[in-house]
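> this is a predicted model, with the sequence first.
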Amino acid sequence: MSVTPSLVADLVGVAVFAASGASAGVVKRLDLFGVVFVGAVAALGGGIIRDLLIGAVPPYAFTHWEYLVVAVLAALLLFWLHPQFNRLRRTVLVLDAAGLGLFTVTGTLKALDAHVPAVGACVIGMISGIGGGLGRDLLTGEIPVVLRREIYAVASLLGAGVVTALARVHLNRPLLITGTALLIFVVRLLALRRNWGAPTPPDPLPPPDAGAG
Amino acid sequence: MSVTPSLVADLVGVAVFAASGASAGVVKRLDLFGVVFVGAVAALGGGIIRDLLIGAVPPYAFTHWEYLVVAVLAALLLFWLHPQFNRLRRTVLVLDAAGLGLFTVTGTLKALDAHVPAVGACVIGMISGIGGGLGRDLLTGEIPVVLRREIYAVASLLGAGVVTALARVHLNRPLLITGTALLIFVVRLLALRRNWGAPTPPDPLPPPDAGAG
Amino acid sequence: MSVTPSLVADLVGVAVFAASGASAGVVKRLDLFGVVFVGAVAALGGGIIRDLLIGAVPPYAFTHWEYLVVAVLAALLLFWLHPQFNRLRRTVLVLDAAGLGLFTVTGTLKALDAHVPAVGACVIGMISGIGGGLGRDLLTGEIPVVLRREIYAVASLLGAGVVTALARVHLNRPLLITGTALLIFVVRLLALRRNWGAPTPPDPLPPPDAGAG
């Protein structure tokens, strides 16, 4: 394995997502194993689902130990340092936006390379970006935050669409990855700064359960 | 892609399941993205799990954009029209029963075609029918309704058994699909009308947690 | 199918895990179908995830009906006998530890046989052992108990590591399986008896939500 810029970027994403997962585990008072497990799911879950969907088994995270090791180390660090981590909250949100951009773009490209048609590839790209956070929230008993507020998945989906459109024109690939990951990153940061959110249901009166099983 | 009766029936099932998922999202006050995402999971989740289990990757929902588009449109409609949707509650339950029947039968046949043995094919058929609802409930923080009340999964499993038995006698396939989907549909509607349910545990005193990890 | 000692051991593990899942379903007042479904997920879920991760589809539980039948029968028995089951609590914990050991070891070996590298194979082995319990807890709306307390997954991971190390020296396979399953079993029972647990976060003040989607 050679240490390429792309690998370094990938592992930074893994570390940040692992810290976010571990942080959720600490809040729920999980034990050390639980904190590390939720951290690993947050960091690697999106990629694992992506690989299952495109038939790339065993998933990449199980065949490249450095991904798992980085996720575990980041979760352990968070476990012991979390009061300080807390003070880094703003930094974490910025790194998390970078991870979202990167995972979305590489996920979309992997799906396109696996001959998934355009619409499906966009969705798989988005799942690569948000899947880990979904897993983290399900494991800690929360309704996934990505379904409730802010422009997060929408930024990811937008970027996945741009990647898919540009992948057809045979653009230089490192340029394509960097550019579209940056686009997601910027949209996400703007959404955070300006408090953008998707609309919520117009009627505060919830309908009774539609009763479908 | 040609518009066949089978495709139309499939897409009606997708739309109804998407509306049920979106409805659950609205009740939980998710934002627009969350409502659409839960709708898509409810509509397509059963089929995606089915395809992962039989190794048909990428799953059909990712390679046929019309499924995703119909799911998203139905969820959007529900989002904006849900007070009216509410008045259609009875219609929705009927359509949902139709979707359950159809998804179960096509899922069972796909499993049999993939050489899954009879018992496993029945279970995969049932998962095709109820999997979307399970995903919807997990995402919205509910214990899946299909585990708690009414004859829903049981109707699905019954139909899957009939399909599996009849598939061996080389019956005309459209007839087989229509007939067994109709069987599930009727059993489900009877269960709704007569308030049939599976038995609940005989002893109201819950045992202490068995403590297994 | 011939009845080998390994098959008998496997089915004992299935039955015990099914009873633990069914027990959780009874506590949550699920109906009969729900109790059986959660029992089957607890018994077979770890192996199904394992098979999806290594690409062994359809998963073993769908192609060998005896696994499903044993899971369903054990869950049904629990449903009708659960007050008595309750008195057997200590026995169940012991059998559950045996199931954990066995599922971990066979899962690790299956992953190694599928050419998953060492670190990934250990994780897949652990997931084989704890995955069913995770599914059971997610379906019944609990934060998975394996993430919160006691040496359970850690015993599994330890055993998976030993299997992986010893698998390289071409040890006699039945001996390897028995020995390492026994190791996990003993560590788990010692943890139960001496109340060992993984450390919990050092700081009782939870940090605010890190806000990642």
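Looks like it arrived, so ask away.

> wait, does the longest helix along chain A make contact with chain C?
For chain A, the helix with the greatest residue count under DSSP state H is helix A:89-113. Yes: residues of helix A:89-113 contacting chain C under Cβ under 8 Å from any Cβ of the partner chain: A:89, A:92-93, A:96, A:100. Every C-beta, even on glycine, is put in place using the N, C-alpha and C of the backbone.

> got the contact list for stretch A:7-21?
With Cβ atoms under 8 Å, 6 or more residues apart in numbering or on different chains as the test, stretch A:7-21 has contacts from A:1, A:38-44, A:46, A:66-67, A:70-75, A:77-78, A:85, A:92, A:95-96, A:98-99, A:102-103, A:106, A:132-133, A:136, C:210, C:212.

> what helices or strands is the longest helix of chain A leaning on?
If contacts are counted by 3 or more Cβ pairs under 8 Å, 6 or more residues apart in numbering or on different chains; DSSP states H and E, helix A:89-113 sits against helix A:5-27, helix A:32-54, helix A:118-139, helix A:153-167, helix A:173-194.

> next, the buried residues of that helix.
Neighbour-count burial for helix A:89-113 flags A:92-93, A:95-112 (criterion: 16 or more other Cβ atoms under 10 Å in any protein chain shown).

> likewise for stretch A:140-159?
Quick answer for stretch A:140-159 (16+ other Cβ under 10 Å): A:140, A:142-159.

> cool, stretch A:182-200 as well?
In stretch A:182-200, counting by 16+ other Cβ under 10 Å, buried: A:183-185, A:187-189, A:191-192, A:197-198, A:200.

> now it, how far from the centre of its chain.
Centre-to-centre, stretch A:182-200 and its host chain are 15 Å apart (Cα atoms, centre = their mean, to the nearest Å).

> just for chain A, where's the confidence low?
Of all residues in chain A, those with pLDDT under 70 make up the ranges A:1-3, A:5, A:198, A:201-213.

> and the residue nearest the centre of it, what does it touch?
When Cα atoms, centre = their mean is applied to chain A, the residue found nearest the centroid is residue A:129 (3.2 Å). Neighbouring residues of residue A:129 by Cβ under 8 Å, 6+ apart: A:46, A:100-101, A:103-104, A:107, A:153, A:156, A:160, A:184.

> make a markdown table from those and add distance to residue B:58 to it.
Listed next are the contacts of residue A:129 as a markdown table, based on distance: Cβ to Cβ, whole Å:
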| residue | distance to residue B:58 |
| --- | --- |
| A:46 | 16 |
| A:100 | 22 |
| A:101 | 23 |
| A:103 | 18 |
| A:104 | 17 |
| A:107 | 13 |
| A:153 | 20 |
| A:156 | 19 |
| A:160 | 15 |
| A:184 | 22 |
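
> test my guess that residue A:110 contacts residue A:53.
No: under the criterion of Cβ atoms under 8 Å, residue A:110 lies out of contact with residue A:53, with a separation of 9.8 Å.

> just the buried subset of the contacts of stretch A:7-21, please.
The buried subset of the contacts of stretch A:7-21 - by 16+ other Cβ under 10 Å - is A:38-44, A:46, A:67, A:70-72, A:74-75, A:77-78, A:85, A:92, A:95-96, A:98-99, A:102-103, A:106, A:132-133, A:136, C:210, C:212.
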